[in-house]
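> Would you be able to build a 3D model of this:
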Amino acid sequence: MCDSNSNTNSDSGPMSSDNSTSTDTNTKQGQGQGKQRDTMHLTTALCFVTSTTFWLVCLFRYHPNAWYVFQNAFAILAVCFVADNTVACLAPSLKRRQVVMHYFLGWVQNLLYILLFVASPSRFEKVWTSLFFGYYLFTWIMMLTQKAEFFFMFRLFYTIHHASAFFITGSWMIVSPCCFLDDNVFIYRAIVIWLSAEIWNDGLNTYRGIRPKTDKNMLRRMKTVVFVMERIHRSIAYFQPLVVPATQHNILMWVVLGTGLWNDTLDVSFQLKSLCKHYREAKQQSEEKRRGSHLEVEVAVEEKEEVMTRNATAETESDIVLDA
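The predicted structure is shown next:
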């Protein structure tokens, strides 16, 4: 009995040790991911407070219609929440609804930019800031209050993107008073072209969210086309100063162009990283399929050779029997 107990203990020891090690590893990984999420959440909150405070200070210090912009922005924010809750009621099974709504509302926002400018450049000048701030504020609030619904890279990119956008557009408000009396229609045309370039990416990601089972190869091709179209779309904005006499160029134009290039660099770096990841995964999958097909051929050849050897052996044995 003593021997059997000792054997049982010695046998169960390594297993319990392995189980405890696996549990400890999983616990450490969970703790590491939890710390990463907490750090990202804190970073998002700090960026939100800092960039929003800066933007509001610029608005009330330099914008001629600050309260008009502020009130309309919160009206836009309310519309965003109403739209989100409506979709939640009508499509309760929609996965990642908050992510899909972010892209869909972004698509609507960019479409409104274009329609407003086509209808009246002066109307666009008065309204676009409210549209911009209200929609971006919606995304900030959603990322802060429902962080579990947004994957890590989404929160990382849009934390950097939105904070950068607030500092950029805030700098436009700081500079704009010195050029208030100038003919700035070409600048606002450049702004609407530059802002609305995201309509391509927002449209694709909305489609992707509604139809998550889209073929990966097709999705990769669509992402590549959208990336090219967005770059062409946005580059047109930088050529707008060439369509007016150089005498109309002013400080606001240079600030808009310079800060726009900075934000484009940020966007391109993330988008290229995403595209490279997609193509890298496709390459790995094709290599795995190729290796799998080669392995199947080798197995088939070995089986065929084994059958032929077995048949040859059987024929030889039959010949021996007949000779005997």
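> got the residue ranges for the helices in this protein?
2-62, 66-90, 97-119, 121-145, 152-175, 185-196, 199-210, 216-238, 251-323 (DSSP state H).
> burial of residue 270, as a residue count?
Neighbour count of residue 270, defined by other Cβ atoms under 10 Å: 15. Any C-beta I mention is one placed from the backbone N, CA and C, and that applies to glycine too.
> how much space between it and residue 156?
To residue 156, residue 270 is 9 Å away according to Cβ to Cβ, to the nearest Å.
> mind checking how far residue 235 is from residue 121?
21 Å.
> How about residue 62?
Distance from residue 62 to residue 121, by Cβ to Cβ: 21 Å.
> Dump stretch 168-183 to CSV, keeping only the CA atoms.
The C-alpha trace of stretch 168-183 is given here as CSV (Å, rounded to 0.1, in the frame of the first residue of the first chain):
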residue,chain,number,x,y,z
ILE,A,168,-4.5,70.4,-36.1
THR,A,169,-7.9,72.0,-36.5
GLY,A,170,-7.3,74.0,-33.3
SER,A,171,-4.2,75.4,-35.0
TRP,A,172,-6.3,76.4,-37.9
MET,A,173,-8.6,78.4,-35.6
ILE,A,174,-5.6,80.1,-34.1
VAL,A,175,-4.3,81.3,-37.5
SER,A,176,-7.6,82.0,-39.2
PRO,A,177,-8.3,85.5,-37.7
CYS,A,178,-5.3,87.0,-39.5
CYS,A,179,-6.8,85.8,-42.8
PHE,A,180,-10.4,86.5,-42.1
LEU,A,181,-10.8,89.2,-44.7
ASP,A,182,-9.0,87.2,-47.4
ASP,A,183,-10.7,85.2,-50.2
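> now that stretch: how far from the chain's centre is it?
Here the centre of stretch 168-183 is set off from its chain's centre by 31 Å, with Cα atoms, centre = their mean, to the nearest Å.
> Mind checking the pLDDT average for it?
Throughout stretch 168-183, pLDDT has a mean value of 87.
> what does it rub up against?
51, 54-55, 57-59, 61-64, 129, 132, 248, 250-253, 255-256, 259-260, 262-263 (Cβ atoms under 8 Å, 6 or more residues apart in numbering).
> Stretch 67-84 too?
56, 59-60, 63, 97-98, 101, 105, 126-127, 129-131, 133-135, 137-138, 141-142.
> repeat that with 6 Å
101, 105, 129, 130, 131, 133, 134, 137, 138 (Cβ atoms under 6 Å, 6 or more residues apart in numbering).
> Please apply the same query to stretch 43-52.
With contacts defined as Cβ under 6 Å, 6+ apart, stretch 43-52 is touched by 140, 143, 159, 163, 166, 167.
> Which pair of the residues you listed spans the longest distance?
Farthest apart among the contacts of stretch 43-52 by Cβ to Cβ are 143 and 167. That separation is 17.6 Å.
> the more surrounded of those two?
Set residue 143 next to residue 167 and count neighbours by other Cβ under 10 Å: residue 143 wins out with 23 against 18.
> and that one, what is it in contact with?
44, 150, 155.
> Residue 248 now?
Contacts of residue 248 by Cβ under 6 Å, 6+ apart are residue 183.
> about what we covered before: of the contacts of residue 143, which is the most crowded?
residue 44 (22 neighbours).
> separation between it and residue 181?
Counting by Cβ to Cβ, the gap from residue 44 to residue 181 is 40 Å.
> wait, which of the contacts of stretch 67-84 is closest to residue 217?
residue 101 (27.2 Å).
> where in this protein is pLDDT low?
1-37, 291-324 (pLDDT under 70).
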